[in-house]
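> Predicted model and sequence follow; I will ask about them next.
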Amino acid sequence: MIVDSCLSPGGKRPAALEYLESIGVAPTQVVLIVVTHWHDDHIRGLATIVRECTSARVCLSSAFRNEEFNNFVLAFGSRRIKTSSLTLGADEMGDVLEQLLSSGRRPVMCLGSRRLLNQKTLPNGPLCEIWSLSPSDAQLSKALGSIAKQIPGLLEAKRRAPDPDHNDLSIAAWVSFGESALLLGADLEEPGPLDLGWSAVINDRERPQGRAALFKISHHGSRNGHHDLVWKDMLISDAVAVLTPYNKNVGLPTESDVQRITTLTSRAFSTSKLLPNRFRRSRSNAVQKTVDETVVRITSAQPRSGHVRVRFRPPDGTIEIAMDATACRLRNVLP
Amino acid sequence: MRTVATGSRPAGAPVDVLPRPAPTAETKSKEQNFAATTAAEQKYELKPNLGPSVLKLRSPQSFLHALQEWEGYVTSIGDQTFTARLIDKTAKSHIEEETAEFLLDDVSDSDRRLLREGSIFRWVIGYLKDAGGSKRRVSEIVFRRLPAWTRHDLLSARARATEITKGLAWEE
Amino acid sequence: MRIEPELGGVSIVLVGSFNPSIFSPFWLAKQELVTVQEADAASVIVIHPEFVQFEIGLFIISVEPHKFSVECTRAPWISLADFVSRTFGETLVHTPLRQFGINRNVHFGVGTEQARNRIGRLLAPIELWGDWGKEIDTSDPNLRGGMVSLTMQQKWSDTDFKGAINTTVQPSSRITGNSGIYVQVNDHVESVNPSAVDGAFSIVSFLASRFEGSIDKSEIIIDQVMALKDQVTK
């Protein structure tokens, strides 16, 4: 199963495919692709994944059944600037939709709690189930309303679709195999109302029951992505928790986020440290001097790419955690 | 195919201001004689009377050679600064590798109206040489005046959206 | 490019059918192709029913009945492509265009007149010209005989368009001390089927998608000429 996509360092190949190939898993062995974002910044390389993982079913938010939403995606996609390296923000998603249509593959709809997969992973192995947990109906309506306002108007100068601050179409997922389970939080937030965000998930009686041993923390560990009842009702005590940091305008997680999470579990990890690293490309003295004179600040936009690997060993699901050199314990994530 | 069609005038070539008058029989004869002896040159010489400029009447030009160029797009706008993600065009990069925060005051007045989230610009650092020969190092932010969404763009997006929405067969 | 040019610029030249009399700074401002401030500050060089030329913003625009050109001597060059895309891809989209050229030109110095002469001899070996070559080689150096212009051409063709890249090398008349070289790369493109041309949209779209690659390639070619300086001065 692959959720979203990013490119490996060097920017050539989707990181997920590179990793799977490194452990001897062919793209054709992937059974499920879950797409939780539409913006290029979060799904780079996704079209390649969809193309190469020919046996995978592709799970999309039910927003893609809405013509107005697809209109928005295609207005900001389809290579509509010819003179720029930049896309308008939705080229990757536009490519995915075109591929699905041309290949006749049937996407799987994600809306609230829906079982996406139910099969044995190995002939004598445990049964594996994968469920979507979001977006809720109310969340979907909110997202569609917001998207409708952003459709460009005639004669409006072309610009890039801004990366949405809130991913209203985020798909959180539940994966269970035998007695073990993991909760993938994507970017799901908690805005407050009971029919939105994590509250909608917690209150959904149709969702799979049980407690997960691993939590991919939502929204980079931010306060917005936190709900106490997720930790209390959906996770085991001292669950393994992993997050990816985010270094755009504001760094996430913040110090208070780290404190909050490390209070809830002693086994919290980050795929990289949150360092405001200066980009290391070598430039002439004249250029570097001018950069320093011009900008208020300049940092690398590429997160340092690291990974945390969590394996559940049969027969009892003992957890093994391995980090590469870039990843770290969450308590060490801040400089 | 004639290079003359779309090339610019050569360096230093004198040019006429106005197009040449239609040739008379006499001038045609002289030109044909001229053409016969300079066929090779004629094939490649850029005809000065079709040149796009009048060197002697133009005001002296300044020249900005870029040492470094980025393409960027605005991600947020504050009270005094704006933030953008940048692609290094000089390094032929294809992904945004840097994030920078700029002063709003560094954006020219005429470009301010183009500044909004998602706006695309070029940031150029280089040496500006003016007509007098003086040279100074400059940093310029130039917002792109991109083509607008045309009726064709919007209608084609909508038509394709309709096709995709109707054509995708979802699993039940 | 390994040598910083002393001067240079980029131009886009379009061949088609134009009405020079409609092009004026204020018309461009009214179409929102330039700002009102740029139109106010524009400097008109020629206004004539068959030829118009003016400086506006950082551009020099020239229009004849069958040729339109816009040139600029200040980076970022992409502004030219954006201007042409909007003018002929939107405002004047019904203009019949048959050809375009993307031109990159530079004047750069090679240090000394001797170095320039040696580069000229590399590009156009004087020995190949027999006795006449010997005459040129031994005549008064102040007369500066030898290569005055050399053009190399590469042609290409695909389904909808065909073209040629033409690179011209000449001594520079703009750099003092007879130590400069001028290089212009003309990336010329035309429709394979000009009679089927209906308006400007298709060819302007192709220009837009080709522009940056064209400039990059031009600079690689120019750099190749610049590299000759290393050959003659080591």
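The structure has been received and is ready for your questions.

> Go through stretch C:157-167 and flag the buried ones.
C:161, C:163-167 (16 or more other Cβ atoms under 10 Å in any protein chain shown). C-betas here are computed from N, CA, C, even on glycine.

> where does chain B have low pLDDT?
Within chain B, the set of residues satisfying pLDDT under 70 comprises B:1-5, B:8-60.

> The same query, at a cut-off of 80, please.
Where chain B drops to pLDDT under 80, the residues are B:1-60, B:95-96, B:172.

> Likewise for chain A?
A:9-11, A:41, A:78-88, A:121-125, A:155, A:162-166, A:247-250, A:275-281, A:301-305, A:314-316.

> Which residue lies nearest the spatial centre of it?
Against the mean C-alpha coordinate of chain A, by Cα atoms, centre = their mean, the closest residue is A:Ala186 at 4.7 Å.

> now swap in chain C and tell me
Short answer for chain C (Cα atoms, centre = their mean): C:Asn103, at 2.7 Å.

> In terms of pLDDT, where does that one sit?
For C:Asn103, the model assigns a pLDDT of 95.

> hang on, the earlier thing: I'd say the residue nearest to the centre of chain A and A:Val3 touch.
Yes: assessed by Cβ atoms under 8 Å, A:Ala186 is found in contact with A:Val3 at 7.2 Å.

> got any residues that touch both of these two?
By Cβ atoms under 8 Å, 6 or more residues apart in numbering or on different chains, A:Ala186 and A:Val3 have these common neighbours: A:36, A:173.

> re earlier: quick check: the gap between the residue nearest to the centre of chain C and C:Phe59.
14 Å (Cβ to Cβ, to the nearest Å).

> now swap in C:His48 and tell me
Relative to C:Phe59, and taking Cβ to Cβ, C:His48 is found at 19 Å.

> Have a look at these two and say which one is more surrounded.
C:Phe59 (22 against 13; other Cβ atoms under 10 Å in any protein chain shown).

> and A:Trp174, what does it touch?
A:129-131, A:133, A:181-184, A:207-208, A:212.

> Over to B:Leu154?
A:75, A:152, A:154.

> Now list the buried members of these.
A:75, A:152.

> Among the contacts of B:Leu154, which one lies nearest to C:Asp82?
C:Asp82 has its nearest neighbour among the contacts of B:Leu154 in A:Pro152, at 17.2 Å by Cβ to Cβ.

> So the closest one lies in a strand, does it not?
No: assigned with DSSP: H, G, I helix; E, B strand; the rest coil, A:Pro152 falls outside any strand and is coil.

> gap between the closest residue to chain B within the stretch 101-250 of chain A and chain C?
Using Cβ to the nearest Cβ, A:Arg159 is the residue of the stretch 101-250 of chain A that sits closest to chain B, at 3.6 Å. Separation of A:Arg159 from chain C (Cβ to the nearest Cβ, to the nearest Å): 13 Å.

> The residue nearest to that residue when sequence neighbours are not counted: neighbour count?
Excluding the flanking residues, the one nearest A:Arg159 by Cβ to Cβ, 6 or more residues apart in numbering or on different chains is B:Gly118, at 3.6 Å. Counted with other Cβ under 10 Å, residues neighbouring B:Gly118 total 20.

> so B:Gly118 makes contact with A:Arg160?
Yes: using Cβ under 8 Å, B:Gly118 is in contact with A:Arg160, at 4.2 Å.

> Determine the residues that are contacts of both of these two.
A:89, B:73.

> Could you find the closest non-adjacent residue to C:Ser191?
C:Val197 (5.3 Å).

> backbone phi and psi for that neighbour, please?
Phi and psi for C:Val197, reported as degrees, to the nearest 10, are phi -70, psi 130.

> quick one: it and chain A, what's the gap?
19 Å.

> Next up, the contacts around that residue.
C:96-98, C:191, C:203.

> What is the distance between the helix or strand where the residue nearest to the centre of chain C lies and the centre of its chain?
When elements are assigned from DSSP states H and E, C:Asn103 belongs to strand C:97-109. Computed by Cα atoms, centre = their mean, to the nearest Å, the chain-centroid distance of strand C:97-109 equals 2 Å.

> partner strands of it, parallel or antiparallel?
strand C:7-16 (antiparallel), strand C:180-191 (antiparallel) (DSSP bridges).

> any chance of the ones you listed in CSV, plus distance to A:Ser266?
Formatted as CSV, the strands paired with strand C:97-109 follow (distance: least, Cβ to Cβ, whole Å):
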stretch, distance to A:Ser266
strand C:7-16, 61
strand C:180-191, 63
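
> Out of those strands, flag the one nearest A:Ser176.
Going by Cβ to Cβ, the one of these nearest A:Ser176 is strand C:180-191, 59.1 Å.

> The following helix or strand past the closest one near chain A anywhere?
Downstream of strand C:180-191, the first helix or strand assigned by DSSP H and E is helix C:201-226. Yes: on the criterion Cβ under 8 Å from any Cβ of the partner chain, helix C:201-226 is in touch with chain A at C:205, C:208-209, C:211-212.

> longest single strand anywhere in the chain?
All of this refers to chain A. strand A:235-243 (DSSP state E).

> that's the wrong chain, I meant chain B
Max-length strand for chain B by DSSP E is strand B:63-77.

> For it, output the C-alpha coordinates as CSV.
Coordinates of each C-alpha in strand B:63-77 appear next as CSV, following Å, rounded to 0.1, in the frame of the first residue of the first chain:
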residue,chain,number,x,y,z
PHE,B,63,22.2,45.7,-20.3
LEU,B,64,21.4,43.2,-17.5
HIS,B,65,23.3,40.0,-17.6
ALA,B,66,21.9,37.4,-15.2
LEU,B,67,24.5,35.7,-13.0
GLN,B,68,21.7,33.8,-11.2
GLU,B,69,18.0,33.5,-11.9
TRP,B,70,15.1,31.8,-10.0
GLU,B,71,11.5,31.3,-10.8
GLY,B,72,9.3,31.6,-7.7
TYR,B,73,5.7,31.7,-6.6
VAL,B,74,4.2,33.5,-3.7
THR,B,75,3.1,31.3,-0.8
SER,B,76,2.1,33.9,1.7
ILE,B,77,1.9,37.7,2.1
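
> So which other helices or strands are in contact with the following helix or strand past it?
Once the chain leaves strand B:63-77, the next helix or strand it forms, by DSSP H and E, is strand B:81-88. For strand B:81-88, the packing partners by 3 or more Cβ pairs under 8 Å, 6 or more residues apart in numbering or on different chains; DSSP states H and E come out as strand B:63-77, strand B:98-103.

> Save these as CSV, and put in distance to chain C and mean neighbour count too.
Listed next are the helices and strands packed on strand B:81-88 as CSV, based on distance: least, Cβ to the nearest Cβ, whole Å; neighbours: other Cβ atoms under 10 Å in any protein chain shown:
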stretch, distance to chain C, mean neighbour count
strand B:63-77, 4, 21
strand B:98-103, 16, 20
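
> so how far is C:Ile203 from the residue in chain B that chain C sits nearest to?
Distances between chain B and chain C by Cβ to the nearest Cβ are smallest at B:Thr6, namely 2.3 Å. Distance, B:Thr6 to C:Ile203, by Cβ to Cβ: 12 Å.
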